[in-house]
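Asks: I'd like to go over a predicted model; first the sequence, then the structure.
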Amino acid sequence: MKRCSGTILLLLFFFTAQAQTFKGGALLGINASQVDGDNLAGYDKVGLNGGFFADLPLPSKFSVSMELLYSQKGSSGHFIAGSTNSYLLRLGYAEVPFLLNYHDKPKINFGTGVSISRLVSYKEYRDGIQINQSQPGTFRSNELAWVANGNYVISDHFIFNLRFSYSIFRVGQSSTSRYRNEAMFNNVITARIGFIL
């Protein structure tokens with residue numbers, strides 16, 4: 001992870017040196033997430049999404065961007081509707097998205113790409129009691145996700161960002177007795193405010 005962070009910083013410095021129109025800043029917002037494959041439905045798990053971004057313009061209305069984020073994902077709910085049987089899964093990721101963006105209008109741009117994530121924290125609760133404390137069960141340490149992105153430019157220094165991301169490969173297997181070993185995928189909608197330096 002340290003080597004990856006160093007590479008990211010070097011790329012940021014390179015972009016800064018190579019392009020006067022290079023843009024960068026900070027992002028802060030929320031994730032509404034669910035985990036497909038856990039027999040729970042709905043974007044009921046709310047978490048933090050925040051970090052830094054860099055954007056390098058290319059010819060013909062395109063740009064490439066990279067981010068360094070902390071992103072909280074997971075799921076929350078009841079396996080049987082109306083029951084007191086509760087479940088909560090908290091997944092914390094260090095995330096690095098890479099996107100190709102198209103600037104359709106001065107105030108609107110769209111992008112798509114992939115995000116590489118590393119699982120840095122894990123907590124699982126059933127009926128309010130934490131389980132699997134010693135290790136993250138069958139959840140994988142790394143995630144590769146597809147990302148679709150949209151930005152609205154509020155002013156010279158602020159943007160509103162809306163994003164959808166979905167795991168390309170499974171991130172784990174269900175640990176519930178009824179749905180054991182079913183593949184699980186992170187399914188996340190993100191809303192953020194960005195500050196451009």
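Replies: Nice, I can see it.
Asks: Buried residues of stretch 60-75, list them for me.
Replies: S63, V64, S65, M66, E67, L68, L69, S71, Q72, K73, G74, S75 (16 or more other Cβ atoms under 10 Å). C-beta coordinates here come from the backbone N, C-alpha and C atoms, glycine included.
Asks: residue contacts, the first one?
Replies: Neighbouring residues of S63 by Cβ atoms under 8 Å, 6 or more residues apart in numbering: D55, L56, P57, L100, N101, H103, N109.
Asks: List the beta-bridge partners for it.
Replies: Note on S63: beta-bridge partners by DSSP bridges are P57, N101.
Asks: pLDDT score assigned to it?
Replies: S63 carries a pLDDT value of 93.
Asks: Partner strands of the helix or strand where S121 lies and their direction?
Replies: Element membership for S121 (DSSP states H and E) is strand 108-126. Strand pairing for strand 108-126, determined by DSSP bridges: strand 86-105 (antiparallel), strand 129-131 (antiparallel), strand 142-153 (antiparallel).
Asks: Could you tell me the least trusted of the ones you listed?
Replies: strand 129-131 (a mean of 82).
Asks: who's in contact with that strand?
Replies: By Cβ under 8 Å, 6+ apart, the list of residues contacting strand 129-131 reads K123, E124, Y125.
Asks: tally of neighbours for the first one?
Replies: By that I understand K123. K123 has 15 neighbouring residues, counting by other Cβ atoms under 10 Å.
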